[in-house]
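1. Sequence and computational prediction follow.
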Amino acid sequence: MPTTGVAEADGATPPPALRAAAVRARIHELHRRHAAEPVDVVSYYPPEAEARRDVFGLSGVHVSGVSVSVGQSTERFPLQSISKVFTYALALEDNGRDATLARVGVEPSGDPYNSITFDEAHRRPHNPMINSGALVAAALVHGRTRAERIERLVARLRSFAGNPTIDVDPAILDQQLRATDRNLGLAYIMRSLRMLDGDVDDTLAVYLSACSVTVTTDELAVMGATLANGGLNPLTGDRAMPVAHVRDVLSVMLTCGMYDAAGQWFHDVGIPAKSGVSGGIVAALPGRLGIAVYSPGLDAHGNSVRGVNICRDLSDHFGLHVFAAERPDTAFA
Ligand code: GLN
């Protein structure tokens with residue numbers, strides 16, 4: 001991943017300030033500060049991840065293609081729940097907005113990601129960013145066979161990342177499949193309530209395969225920038241998803257993407273985002289940039305502690321909140 005511009009900004013528009021040395025220095029300084037600060041970690045997932053407690057990668061990619069990478073930005077980690085964003089995007093593409101909405105809602109649940117609660121009135125999971133809704137979204141991904149559905153989803157992830165080699169890590173998938181009783185329970189309950197159709201094992205395999213795809217923050221920031229850029233990968237020019245559904249995906253990220261801390265995140269950071277229990281966060285600021293952080297120490301909600309903290313500071317410092325009324329001097333385009 002280059003750290004200077006790949007696609008040059010249009011000559012008529014000023015180059016993004018992400019290119020400016022002062023902005024880059026500030027980002028490095030924030031990273032250094034957060035790396036040094038003791039954090040209140042509640043857990044690691046899986047517990048072995050504690051061995052990677054000091055890993056802290058941060059990447060940003062502007063829609064013009066200019067990028068910045070700090071710390072361990074080439075360290076691989078599984079997408080876990082971050083994959084829910086892209087599974088939902090493909091469900092929308094395959095089924096259209098109305099048919100998808102009929103099966104999975106867009107309301108924050110206020111419950112933990114693996115909670116066994118549903119939108120009883122509409123007989124559907126609350127939203128696609130929690131496990132119940134993500135399982136329904138996985139079931140909506142088209143394909144004649146389980147393998148074809150997984151292949152289509154992985155192909156989309158590659159297109160978002162602009163890297164044709166990203167893939168499911170078989171050891172992580174195996175571990176996920178062996179510890180998925182709660183997801184199986186959720187799926188069977190939903191099928192008994194007719195919220196979910198088809199083979200439960202196939203659905204689990206599609207969902208958990210996407211969770212087990214590994215990325216670096218450099219790649220994940222490109223995925224975020226692709227969402228920020230209307231579904232068009234700013235580095236490769238590849239269309240990763242139809243522009244018509246980008247708004248829907250960003251909306252559920254903004255309202256439901258950070259588990260039951262989504263409200264606090266919106267208040268403090270104000271950028272559509274999604275986290276995963278591996279300690280990754282992707283954020284996509286429409287029309288501007290994608291940000292990715294990886295630091296495995298988790299808070300009580302399952303969000304990366306350093307990830308949340310540095311995003312809060314980046315948002316404050318550079319005026320990134322979608323409702324920021326004023327842009328500080330340091331704001332970048
Ligand atoms: N593999 C995890 C699960 O479904 C993903 C969870 C997450 O990142 N919240 O249980």
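-> Great, that's in hand. Numbers count the residues shown, from 1 in each chain.
2. From here on, just use CA atoms for contacts and neighbour counts.
-> Will do.
3. CA atoms only for stretch 183-198, dumped as PDB, please.
-> Only the C-alpha atoms of stretch 183-198 are listed here, as PDB (Å, rounded to 0.1, in the frame of the first residue of the first chain):
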ATOM      1  CA  ASN A 183     -25.400 -18.700  16.300                       C
ATOM      2  CA  LEU A 184     -26.800 -22.200  15.600                       C
ATOM      3  CA  GLY A 185     -29.400 -21.600  18.300                       C
ATOM      4  CA  LEU A 186     -30.300 -18.200  16.900                       C
ATOM      5  CA  ALA A 187     -30.600 -19.600  13.400                       C
ATOM      6  CA  TYR A 188     -32.900 -22.500  14.400                       C
ATOM      7  CA  ILE A 189     -35.100 -20.200  16.500                       C
ATOM      8  CA  MET A 190     -35.400 -17.800  13.600                       C
ATOM      9  CA  ARG A 191     -36.200 -20.700  11.200                       C
ATOM     10  CA  SER A 192     -38.900 -22.000  13.600                       C
ATOM     11  CA  LEU A 193     -40.400 -18.400  13.600                       C
ATOM     12  CA  ARG A 194     -40.100 -18.400   9.700                       C
ATOM     13  CA  MET A 195     -37.700 -15.500   9.800                       C
ATOM     14  CA  LEU A 196     -35.000 -17.600   8.100                       C
ATOM     15  CA  ASP A 197     -35.300 -20.100   5.200                       C
ATOM     16  CA  GLY A 198     -33.000 -22.800   3.900                       C
END
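4. Roughly how far does His34 sit from Asp313?
-> According to C-alpha to C-alpha, to the nearest Å, His34 and Asp313 sit 10 Å apart.
5. wait, what's in contact with the closest residue to His321 other than its chain neighbours?
-> Closest residue in space to His321, ignoring its immediate chain neighbours: Gly270 at 4.3 Å, by C-alpha to C-alpha, 6 or more residues apart in numbering. Applying C-alpha atoms under 8 Å, 6 or more residues apart in numbering, we find Gly270 in contact with 254, 315, 320-323.
6. export those to a markdown table and tack on pLDDT and neighbour count?
-> Formatted as a markdown table, the contacts of Gly270 follow (pLDDT from 0 to 100; neighbours: other C-alpha atoms under 10 Å):
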| residue | pLDDT | neighbour count |
| --- | --- | --- |
| Leu254 | 96 | 22 |
| Ser315 | 95 | 18 |
| Leu320 | 94 | 25 |
| His321 | 95 | 22 |
| Val322 | 94 | 15 |
| Phe323 | 94 | 12 |
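7. any idea which element the residue nearest to His321 lies in?
-> Under DSSP states H and E, no helix or strand contains Gly270.
8. Now it: phi and psi?
-> With angles defined as degrees, to the nearest 10, Gly270 sits at phi 70, psi 40.
9. repeat for the one 5 residues further on
-> Phi and psi for Ser275, reported as degrees, to the nearest 10, are phi -110, psi 170.
10. do you know how far it is from Asn114?
-> Ser275 is 14 Å from Asn114, where distance means C-alpha to C-alpha.
11. so where's the stretch 201-333 of the chain uncertain?
-> The model of the stretch 201-333 of the chain has pLDDT under 70 over residues 328-333.
12. could you pull out the strands for it?
-> Under the criterion DSSP state E, counting those that start in this stretch, the stretch 201-333 of the chain carries strands at the ranges 214-215, 273-275, 280-285, 289-294.
13. Report all helices and strands that the second one contacts.
-> The one in question is strand 273-275. In terms of contacts (3 or more C-alpha pairs under 8 Å, 6 or more residues apart in numbering; DSSP states H and E), strand 273-275 is packed against helix 246-256, strand 280-285.
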